[in-house]
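Participant: next comes the sequence, and after it the predicted model I'd like to discuss.
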Amino acid sequence: MPNVVLVGAQWGDEGKGKVTDLIARDFDYVVRYQGGNNAGHTVIHGDKKLALHLIPSGIMYEKAVPVIGNGVVVNPQVLVEEMRMLEGEGLSCERLKISCDAHVIMPYHIELDKASEFRLGKNEIGTTNRGIGPCYQDKAARSGIRIQDLLDEHVFRMKVEAALEVKNAILKKVYGKRTFTVDEICEAYLPFAEIIRPHMAETAQLLNDALREGKHILFEGAQGTLLDIDHGTYPFVTSSSCCAGGAATGSGVGPTAIDRVLGIQKAYVTRVGAGPFPTELVYPENGGEGQDAIDGDLLCAEGREYGVTTGRKRRCGWFDAVIARYAAEVNGLTDIALTKLDVLSAFDTIKVCVAYECNGKRYDYFPMQQSVLFHAKPVYKTMPGWKGEDITKAKSFEDLPANAQAYIEELERLSGVKATIISVGPDRDQTFTSRLRRRPKSKSAASSAHPFCSKFIVS
Ligand code: GDP
Ligand code: IMO
Ligand code: MG
């Protein structure tokens with residue numbers, strides 16, 4: 001029975017929220033396993049676009065239990081605001097479970113994030129300023145504050161006091177910033193504890209019990225492979241394990257429980273924040289010129305590429321098969337959901353990066369040295385587009401123009417993974433399964449298969 005990890009295969013914002021929402025109905029639990037409110041996952045609810053930062057996108061279905069796992073870092077204020085927002089939309093948060101072991105983002109983490117970015121100046125990472133890095137820093141240093149600490153005012157107060165001795169000194173002496181008092185933090189945070197208390201749980205045990213009962217779990221990754229602390233473009237990464245392996249440590253289930261890994265991939269690539277991006281089409285305002293700058297502007301406009309969390313304009317570029325192959329390997333991808341194919345309908349021709357060149361050497365694989373990635377020139381293959389044809393109403397692979405079909409097949413060939421799900425617009429119904437997967441011959445096998453399996457992944 002498939003338990004599935006859904007993971008961003010690029011630099012985030014690939015459409016994870018949409019795909020999670022789409023398939024969540026087939027699962028009993030939907031689990032966030034890393035990151036925090038640096039994520040911005042868009043789901044469509046009725047005629048409204050909702051942005052989820054912390055709560056799993058599976059909240060949209062009555063049946064699925066949304067779980068915030070131990071690997072997530074939680075800002076209690078953001079969590080409570082998000083719960084209120086969802087309840088205002090008529091979506092109940094009663095089922096939500098939050099791991100007692102998840103770490104808490106404190107006000108000083110946010111100040112330290114901002115101060116450290118400011119100090120880096122032009123070398124900044126371009127973080128979301130949500131305190132993610134400093135919170136994970138404390139977790140690794142074994143001085144963090146966890147959700148369970150909110151349960152006991154005395155313990156919480158003691159831990160805040162100990163933390164502030166160091167944090168205030170750094171804020172004041174290193175960065176010349178404001179300091180915090182124990183009282184102001186306790187006053188701000190303890191009221192949230194009462195709201196969160198009914199949702200706190202031993203989520204690792206909950207999920208393992210569920211597995212024993214034969215329930216199905218969907219792990220919703222945030223950020224993306226190239227932002228992973230180990231496998232991403234370090235130091236221009238986030239501070240958590242976004243890749244599929246993180247699903248096990250960030251939730252407390254063993255890796256043997258995971259059956260499939262679904263990589264979410266845009267039909268082109270975007271990135272927010274700083275760091276290497278070989279296929280970037282640099283915007284005119286950033287010094288880009290010629291056709292590349294025009295194409296970059298067009299991708300941004302057609303794809304509405306503005307950050308859900310920060311509102312920043314995302315950097316855009318052509319599809320990069322080198323990182324696609326890399327993502328396939330480091331995540332062990334079994335399937336791909338290819339999103340935003342409709343955005344490419346604006347182009348006469350479409351480029352795909354098949355390899356890099358640097359200092360006269362060709363790289364078919366992700367280069368070992370970051371400096372190579374910084375200076376890599378993409379080797380492009382140009383493919384004919386399907387300009388002017390509206391593909392947003394396509395309901396099957398066969399409905400797509402021949403050039404769009406050829407484009408998908410080429411991406412599959414280059415990355416070595418089948419695109420099981422194709423998305424041609426932001427709505428749930430603008431999605432179909434690829435013709436490359438057929439129903440099994442035996443009827444009994446099909447009917448006994450899990451819905452996710454029978455609908456989207458049948459090999
Ligand atoms: P996530 O962080 O991976 O969940 O992605 P975001 O929500 O940050 O960004 C994806 C954006 O693309 C959202 O605004 C989605 O509504 C939108 N989107 C998702 N799939 C498609 C698609 O196939 N076509 C178009 N045009 N938009 C899409
Ligand atoms: P979703 O889940 C895109 C980027 C930031 C910055 C780097 C580090 O919506 O795909 P952080 O605040 O995490 O310390 O910032 O990571 N980043 C994202 N980029 N999508 C995201 O999330 C991101 N979360 C963080 O822009 O470059
Ligand atoms: Mg996003």
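Facilitator: Ah, there it is. Ligands and ions are numbered 1, 2, ... in the order given.
Participant: tell me which parts of the stretch 201-350 of the chain are close to ligand 3?
Facilitator: V308 (CB under 5 Å from the ion). Placement of C-beta: from N, CA and C, glycine included.
Participant: so who does the residue nearest to Q430 when sequence neighbours are not counted touch?
Facilitator: Residue nearest to Q430 in three dimensions, not counting chain neighbours: V424, with 5.0 Å by CB to CB, 6 or more residues apart in numbering. Neighbouring residues of V424 by CB atoms under 8 Å, 6 or more residues apart in numbering: L341, D342, I391, T392, K393, A394, Q430, T431, F432.
Participant: can you list the residues of this structure near ligand 2?
Facilitator: 8, 11-13, 38-41, 125-128, 130, 132-133, 222-224, 227, 238-239, 272-273 (CB under 6 Å from any ligand atom).
Participant: before we move on, the earlier item: what separates the residue nearest to Q430 from S434, distance-wise?
Facilitator: Distance, V424 to S434, using CB to CB, to the nearest Å: 12 Å.
Participant: just confirm V182 contacts A162, I think it does.
Facilitator: No: using CB atoms under 8 Å, V182 makes no contact with A162, being 9.9 Å away.
Participant: burial measure for D429, as a count.
Facilitator: The tally of other residues near D429 (other CB atoms under 10 Å) stands at 10.
Participant: ok so, going back, where's the residue nearest to Q430 relative to ligand 1, distance?
Facilitator: 5 Å (CB to the nearest ligand atom, to the nearest Å).
Participant: any idea of the pLDDT on that residue?
Facilitator: Model confidence at V424, given as pLDDT, is 98.
Participant: rewinding a little: between V182 and A162, who's got more neighbours?
Facilitator: Between V182 and A162, counting by other CB under 10 Å, V182 is the more crowded of the two (16 against 13).
Participant: narrow the residues of the chain next to ligand 2 to those in helices?
Facilitator: The members of the residues of the chain next to ligand 2 that map onto helices under DSSP state H are I132, G133.
Participant: among the residues of the chain next to ligand 2, name the ones in strands.
Facilitator: When DSSP state E defines the strands, the subset of those inside them is G8, H41.
Participant: what residues are up against K63?
Facilitator: K63 sits in contact with R25, D28, where contact means CB under 8 Å, 6+ apart.
Participant: what's G35 sitting at in phi/psi?
Facilitator: Main-chain dihedrals, G35, degrees, to the nearest 10: phi 70, psi -170.
Participant: tell me the contacts of it?
Facilitator: G35 touches V72, V73, I132, A222, Q223, T238, S240, C242, counting by CB under 8 Å, 6+ apart.
Participant: relative to ligand 2, how far out is the closest residue to P384 other than its chain neighbours?
Facilitator: Nearest non-adjacent residue to P384, counting by CB to CB, 6+ apart: N403, 4.9 Å away. N403 sits at a distance of 29 Å from ligand 2 (criterion: CB to the nearest ligand atom).
Participant: hang on, N403 packs against T382?
Facilitator: No: if you go by CB under 8 Å, N403 and T382 don't touch, sitting 11.9 Å apart.
Participant: between those two, point out the one with more neighbours.
Facilitator: Higher neighbour count among N403 and T382: N403, with 16 against 10, using other CB under 10 Å.
Participant: any idea which element the more buried one lies in?
Facilitator: Using DSSP states H and E, N403 falls within helix 402-415.
Participant: helices or strands up against that helix?
Facilitator: Counting contacts by 3 or more CB pairs under 8 Å, 6 or more residues apart in numbering; DSSP states H and E, helix 402-415 is packed against helix 321-331, strand 335-339, strand 349-358, strand 377-384, strand 419-423.
Participant: which of the ones you listed is buried the deepest?
Facilitator: The highest mean neighbour count among the helices and strands packed on helix 402-415, using mean count of other CB atoms under 10 Å, belongs to strand 335-339: a mean of 26.
Participant: that strand - contacts with which helices or strands?
Facilitator: Other elements packing on strand 335-339 under the criterion 3+ CB pairs under 8 Å, 6+ apart are helix 16-23, strand 260-266, helix 402-415, strand 419-423.
Participant: would you turn the ones you listed into JSON lines with distance to A51?
Facilitator: Formatted as JSON lines, the helices and strands packed on strand 335-339 follow (distance: least, CB to CB, whole Å):
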{"stretch": "helix 16-23", "distance to A51": "8"}
{"stretch": "strand 260-266", "distance to A51": "17"}
{"stretch": "helix 402-415", "distance to A51": "28"}
{"stretch": "strand 419-423", "distance to A51": "18"}
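Participant: now the residue of the stretch 151-300 of the chain found nearest ligand 1: closest residue in space that isn't a chain neighbour?
Facilitator: Closest approach between the stretch 151-300 of the chain and ligand 1, counting by CB to the nearest ligand atom: I264, at 6.2 Å. Leaving aside its chain neighbours, I264 sits nearest to E14 (4.1 Å; criterion: CB to CB, 6+ apart).
Participant: again with L206
Facilitator: Leaving aside its sequence neighbours, L206 sits nearest to K97 (CB to CB, 6+ apart; 6.3 Å).
Participant: likewise D113?
Facilitator: Using CB to CB, 6+ apart and skipping the chain neighbours, the partner closest in space to D113 is G131 (4.8 Å).
Participant: could you do V166 as well?
Facilitator: Nearest non-adjacent residue to V166, counting by CB to CB, 6+ apart: S143, 7.8 Å away.
Participant: for that neighbour, give me its contacts.
Facilitator: By CB under 8 Å, 6+ apart, S143 lies in contact with A162, A163, V166.
Participant: same question, L298
Facilitator: A346, F347.
Participant: wait, A337 sits on V417?
Facilitator: No: counting by CB under 8 Å, A337 stays clear of V417, with 10.6 Å between them.
Participant: any residues in contact with both of the two?
Facilitator: Common contacts of A337 and V417 (CB under 8 Å, 6+ apart): G263.
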